[in-house]
Each structure stands twice: as structure tokens, then as C-alpha cells.
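Trainee: With the input below, show me the fold.
(one chain, ligands or ions: 1)
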Amino acid sequence: MSINTKYDTVNYTEKFIRLAQNENPYGTSPKAISAIQENLNLVSIYPDVKQHELRQLLADKSNVDVSNIVVGAGSVSIIETMIKTFVSKDEHIVIPKISFTAYKVLAEIYGVDFRIAEMNNYRTDLSIIGKLCDEKTKLVFLANPNNPTGTTFTHNELKHFLDQLNPTTLAVIDEAYFEYVNDPSFPDSLSLLNKYPNVIILRSFSKIYGLAGLRIGYGIAHQNIVNKIENQRTPFTINILATVAAMASLNDIDFITYSIENNEKQRNYLYSNLKNLGFNVLPSQANFLYLYFYTKLERDVIYDQLIDAGLQTRKMEPFGDEKALRISIGDENANLKIIACLSH
Ligand SMILES: Cc1ncc(COP(=O)(O)O)c(C=O)c1O
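Mentor: Numbering: from 1, shown residues only. All right, here's what the predicted structure looks like:
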């Protein structure tokens, strides 16, 4: 494990620096780690099936009622419940062409039809998505910032989209990376919940909170939607240590601020240096950068060059683009290595 300035930088494998999963390179909130250690003896008992304490904390933080919060074993498990139970045989979901893989993978697993919306210059274009939606569309998945492109849509674009959307279609605003955003035009999605009861906002403890291995995420929505998900999800899937860690890390403003500030600094550094080296790189609002190439071969050469230098990035085939690479923003050491590696 290498040491960063304040929080330890996590490097689990001797061989590679992990820049493939958009994890927090500064690890986990020390408050969460202490809470896990202090509560190890709880593992002999079942977790609270309703997750009342955590839901109340999340409700207070988001300024909503506890009945508006649903917790899942990772936000992906909430996505799974919705895909599995909200869409009937002759209905479908709509997803952007280059986006988080789970939407399509889960639709395929559960035999749910999906429509793919083309991107607009690698951005999710809500007007293209809107044209694909009709009365048979049950769910629309909108990652914002989008994984893997790091692009965002604005508050006004979202409002305009929701104004046109059929009220029987549920818009899933997946904000797994929202803490990293600094663009002032980014949606204040919470403020839209009252006006648009067909919206669910998803958030995760896997990214900035550094709890990916414990599997915990949540959704904020109208009570009717929360109840529908609650009624369909498998009970007891959220483990007790995930809950105590999530509750402790919510209060760790110091760790979150540190993670945001360092991500921003390293994102700027990596983006501008990659640009200077002549790469096609998209401006990102998240904790990763998207590099696109003219050919797959060109992409493969860069991927291999990074792998040979011990830097593990992600090829974008599963996300719908065989000519692109996603690099998660690591710490300063990782970035210096990337730039040194790609400079010759
Ligand atoms: C857009 C998006 N949503 C959700 C998730 C999954 O989050 P969780 O670990 O909470 O299931 C990811 C993980 O990469 C993601 O990129």
C-alpha cells in the first residue's frame, strides 16, 4: 500500500494500479472503518429489514421524508428490482447507447425489451431519448454524470424532458457520481421530485464514500415508487456492516471534501496533460476520463502501453464503444505515471 499525503492511497494488487472501476483512490472514510471494527460483533444478527435508521439519516440529509428513501445492496440492486418487476412483456425501457452497462445487462437477464438512444457527440441527448419514449416505455435510465463519458445534462434540459415525458414512464436519474460535479448547470434533481412524481434519483456509497465492496446504495422518490420497490426487493440483502459504515461515512465531511478536492485537482491535471499530448479526451464531471480513438487498434496500443506500465484502465466494448478507453482518476502518483508512460 502506498501512502498519499493525508489518506492512504489504496492499491490492492501488487501488479497494477486500479484505474478501471471508478473507485475512490483514497480508500474509505476512517470513520466508516472504525464503525465497521466497532460493530463486528453485530454480524450474528439480522439487519433491520426496513433500514430505518439509515433511511432517516438519508432523509434528513436530502430534506425529504423517510418514506421517500429506499436502500439497496448497491444502487444496482435497486435498478435490478425495477427492471425485474416494473416492465411487462409488451413494454420496454430506454437507455443511452454509451452508458452504464448494468441497464442493458439486467434487461437481457430478465428478458426485458430495450430501446437504445444514439448519443450526441458522446453526450446523452434528452431530446433523442424523448423521441424513443411512448406509452409502452416503463423506465428511462439517465446516468448523470454519465458513466463512462463523464458528460452531464443540465437542469433545464432535464426539466424540459420531464415536461414532455408520459407520467406512466419512470425517469431514473442515476447520480452515482454527483458529488464530483462542479458545473453549476447540473440538475438540482431533488428540487424536481415534488413536481414530477415519476422520477427516482439513485445514489451510491460505492464511489466517493469508498464502500464499493460492502454493496450499499439508495434511491429517493415518491412514496408510491419507494413502496413498490420495497415490496419487490429481497429482504435482508443489505448487510449490517454496510449499514453502519454508510451511517458513519455520511458524517465524514473531512474525507468527502478531501476526495472531492483531490479528484478535481487530479482530473484537471490529467485532462490538460492528455489534451497536450494530443489525445481526444472528453471534459468530465466525474472521477474518470473518456478517451476516444479513430481505430480500435490505436486504442489497443495505448491500453497495452498503460498495462505494461502497471496501469489498469478499462476498454469500452461492454459500454458500447470499441474505440475508447476509460481511465478512472487516481491519485497524483497514478497520474504522473500515466503521463510519463504516454509521453514516449
Ligand atoms: C452510473 C452508475 N450507477 C450505478 C453504479 C453502481 O453502483 P453500486 O455500486 O451502488 O451498485 C455504477 C457503478 O459503476 C455506475 O457507474
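Trainee: what sits against Leu311?
Mentor: By Cβ atoms under 8 Å, 6 or more residues apart in numbering, the contact set of Leu311 is Phe16, Ile17, Leu19, Ala334, Lys337, Ile338, Cys341. Every C-beta, even on glycine, is put in place using the N, C-alpha and C of the backbone.
Trainee: For it, give me phi and psi.
Mentor: Main-chain torsions, Leu311, degrees, to the nearest 10: phi -120, psi 110.
Trainee: State the pLDDT value of the nearest residue to it once chain neighbours are set aside.
Mentor: Distances taken as Cβ to Cβ, 6 or more residues apart in numbering put Ile17 closest to Leu311, at 5.4 Å, once the chain neighbours are dropped. Confidence at Ile17, expressed as pLDDT, is 95.
Trainee: Pull the number of nearby residues for Ile17.
Mentor: Number of residues near Ile17 (other Cβ atoms under 10 Å) recorded here: 25.
Trainee: Could you tell me which residues of the stretch 51-200 of the chain lie near the ligand?
Mentor: Neighbours of the ligand within the stretch 51-200 of the chain, by Cβ under 6 Å from any ligand atom: Gly74, Ser75, Val76, Phe100, Ala143, Asn147, Asp174, Ala176.
Trainee: Tell me which of the residues you listed fall in helices.
Mentor: Of those, the ones assigned to helices by DSSP state H are Ser75, Val76.
Trainee: Please report which of the residues of the stretch 51-200 of the chain next to the ligand has the highest neighbour count.
Mentor: Within those, most neighbours by other Cβ under 10 Å means Asp174, with 28 neighbours.
Trainee: Next, the contact list for that residue, please.
Mentor: Asp174 touches Ser75, Ile79, Phe100, Phe141, Leu142, Ala143, Asn144, Leu202, counting by Cβ under 8 Å, 6+ apart.
Trainee: give me that answer again for 6 Å
Mentor: Residues near Asp174 by Cβ atoms under 6 Å, 6 or more residues apart in numbering: Ala143, Leu202.
Trainee: the domain parsing of the chain - what is it?
Mentor: 17-28+253-342, 30-250 (automatic domain parsing).
Trainee: Ok, which of those domains comes nearest Tyr7?
Mentor: Nearest to Tyr7 among these is domain 17-28+253-342; the distance by Cβ to Cβ comes to 4.1 Å.
Trainee: gap between the two ends of that closest one?
Mentor: End-to-end distance for domain 17-28+253-342, by Cα to Cα, to the nearest Å: 15 Å.
Trainee: what's the answer for stretch 315-325, then?
Mentor: Start and end residues of stretch 315-325 are separated by 5 Å (Cα to Cα).
Trainee: chain center to that stretch: distance?
Mentor: Relative to its chain's centre, stretch 315-325 lies at 17 Å (Cα atoms, centre = their mean, to the nearest Å).
Trainee: so Pro47 touches Leu241, yeah?
Mentor: No: in this structure, Pro47 is not within contact of Leu241 by Cβ atoms under 6 Å, at 9.1 Å.
Trainee: How much space separates Val64 from Gly320?
Mentor: Separation of Val64 from Gly320 (Cβ to Cβ, to the nearest Å): 34 Å.
Trainee: Same check on Asn144?
Mentor: According to Cβ to Cβ, Asn144 and Gly320 sit 17 Å apart.
Trainee: Give me the more crowded residue out of the two.
Mentor: Set Asn144 next to Gly320 and count neighbours by other Cβ under 10 Å: Asn144 wins out with 26 against 17.
Trainee: Now for the more buried one: which residues touch it?
Mentor: The contact partners of Asn144, by Cβ under 6 Å, 6+ apart, come to Thr152, Phe153, Ile173.
Trainee: Quick check: Leu132 vs Leu106, distance?
Mentor: Leu132 is 19 Å from Leu106, where distance means Cβ to Cβ.
Trainee: scratch that, Ala212 is what I was asking about
Mentor: For Ala212, the distance to Leu106 (Cβ to Cβ) stands at 18 Å.
Trainee: how about the strands in this protein?
Mentor: Assigned by DSSP state E, the strands in the chain fall at 17-18, 69-72, 92-96, 113-117, 137-143, 170-174, 199-204, 217-221, 280-281, 288-292, 311-312, 314-315, 324-328.
Trainee: Next, the angle from the longest helix along the chain to strand 324-328.
Mentor: Ranked by number of residues, the top helix in the chain under DSSP H is helix 253-276. On the basis of axes from the mean of the first three to the mean of the last three Cα atoms, to 10 degrees, helix 253-276 is oriented at 140 degrees to strand 324-328.
Trainee: okay, the angle between helix 253-276 and strand 288-292?
Mentor: 20 degrees.
Trainee: Who are the contact partners of Pro96?
Mentor: By Cβ under 6 Å, 6+ apart, the contact set of Pro96 is Ala117, Thr124.
Trainee: try 8 Å this time
Mentor: Counting by Cβ under 8 Å, 6+ apart, Pro96 makes contact with Ile116, Ala117, Met119, Thr124, Ile129, Phe141, Leu142, Ala143, Asn146.
Trainee: bridging residues for it?
Mentor: Counting by DSSP bridges, Pro96 forms beta bridges with Ala117.
Trainee: pretty sure Thr149 is touching Tyr290, no?
Mentor: Yes: at 4.8 Å, Thr149 counts as touching Tyr290 under the criterion of Cβ atoms under 8 Å.
Trainee: Who has more neighbours out of the two?
Mentor: Comparing Thr149 with Tyr290 by neighbour count (other Cβ under 10 Å), the higher total belongs to Thr149, at 30 against 25.
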